[in-house]
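Peer 1: Make a model of this:
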Amino acid sequence: MNSGAQIDLTGKQALVTGGARGLGAAIARRLAAAGAAVLVADVRKDLAQELCADLVVAGGRARFVEMDVCDPDAVAAVLGDVEADGGRVDVLVNNAAVDVSKSVEHLTAEEVKHVVTTNLLGPMYLCLQTYRRMVAAGGGHIVNILSTAAHRTWTEAGPYAASKSGLRAFTHTLFKEAQRDCTGIGVTGIIAGGMETAFIMDRFPEADTALLQSPEIVADTVIYALSVPAGSVVGELVVVPRREPSWP
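Peer 2: Below you'll find the predicted structure:
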């Protein structure tokens, strides 16, 4: 599948969290195909390294970076190392996310903490480290992967919906601050509907795939957001299957 949007990211470096599989891997492939050097961050080290090797074989530039988005010190260290090597993150895609499908009655405090820290605090930690560097550099683009759960929740999705709603609010705030601080910085939230990825299928193996979309479609929307000419910016995009049950 080829993206309709075209962009040349040669000379740019992109960091994709949760990049080892599913949507993250699809985004990493699109970015590498556009010429970007891709930093793939994921707790699944073997899968991430395998993806990077495949991208290099295909003629792209990619390498694995070890980082737990839940650890602000680890996030700061990765960004510091990139800077120390003379590079910078021109494109940040906050994609890493987890979920625990339990009712509030049966959730534990640790499960809630894990979901909210990964899905909300993690992207915020990345933005804290990346945004100020983008302001200093005069440009860059931050893409936060959201969810239809940021608009309309369902049962057994309390922490997930709360984290994605919070990330949407944070993304909107960052968009406004970029308008004020540096017009060279783009900030985009992508509200993605259900996808046929391990994130869904591992937990709901009986899910009707006819109600899901390909992660490559969502990856295409990332490329589109990055491709908008200077002078405009896509603040938010919604991409859902035509039969999406959780929208609006």
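
Peer 1: do you know how far the residue of the chain lying at maximal distance from its centre is from residue 24?
Peer 2: In the chain, residue 105 marks the outermost C-alpha relative to the chain mean, sitting 29.9 Å out by C-alpha atoms, centre = their mean. Residue 105 is 32 Å from residue 24, where distance means C-beta to C-beta, to the nearest Å. Glycine gets a C-beta too; all of them are placed from N, C-alpha and C.

Peer 1: next one: phi and psi at the most centrally placed residue in the chain?
Peer 2: Against the mean C-alpha coordinate of the chain, by C-alpha atoms, centre = their mean, the closest residue is residue 95 at 2.3 Å. Dihedral pair for residue 95: phi -110, psi -30, per degrees, to the nearest 10.

Peer 1: I'd say it and residue 21 touch.
Peer 2: No: assessed by C-beta atoms under 8 Å, residue 95 is found out of contact with residue 21, at 10.6 Å.

Peer 1: Am I right that the residue farthest from the centre of the chain sits in a helix?
Peer 2: Yes: Residue 105: assigned to a helix according to DSSP: H, G, I helix; E, B strand; the rest coil.

Peer 1: From residue 119, how far out is it?
Peer 2: For residue 105 relative to residue 119 (C-beta to C-beta), the value is 21 Å.

Peer 1: now do residue 109
Peer 2: When residue 109 is compared with residue 119 (using C-beta to C-beta), they lie 16 Å apart.

Peer 1: Those two - which one has more neighbours?
Peer 2: Neighbours per residue, other C-beta atoms under 10 Å: of residue 109 and residue 119, the larger number sits with residue 119, 28 against 7.

Peer 1: By mean pLDDT, which helix or strand of the chain comes out lowest?
Peer 2: Counting by mean pLDDT, DSSP states H and E, the chain has its least confident helix or strand at helix 198-201, which shows a mean of 77.

Peer 1: Toward the C-terminus from that one, list the very next helix or strand.
Peer 2: helix 215-227 (DSSP states H and E).

Peer 1: May I have the helix or strand following that following helix exported as PDB, CA atoms only?
Peer 2: Reading on from helix 215-227 to the C-terminus, the next helix or strand found by DSSP H and E is strand 236-239. The C-alpha coordinates for strand 236-239 follow below in PDB (Å, rounded to 0.1, in the frame of the first residue of the first chain):
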ATOM      1  CA  GLU A 236      -6.200  16.900  14.600                       C
ATOM      2  CA  LEU A 237      -7.200  14.100  12.300                       C
ATOM      3  CA  VAL A 238      -9.800  11.400  12.800                       C
ATOM      4  CA  VAL A 239      -9.400   8.100  10.900                       C
END
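
Peer 1: How about strand 236-239, which residues are buried there?
Peer 2: Buried residues in strand 236-239, counted by 16 or more other C-beta atoms under 10 Å: 236-239.

Peer 1: same deal with stretch 87-99?
Peer 2: 88-99.

Peer 1: if you skip the residues just before and after it, what's nearest to residue 212?
Peer 2: Closest residue to residue 212 apart from its sequence neighbours, by C-beta to C-beta, 6 or more residues apart in numbering: residue 196 at 4.2 Å.

Peer 1: actually residue 241, not the one I typed
Peer 2: residue 213 (4.3 Å).

Peer 1: can you pull the contacts of that neighbour?
Peer 2: Taking C-beta atoms under 8 Å, 6 or more residues apart in numbering, we find residue 213 in contact with 193-196, 239-241.
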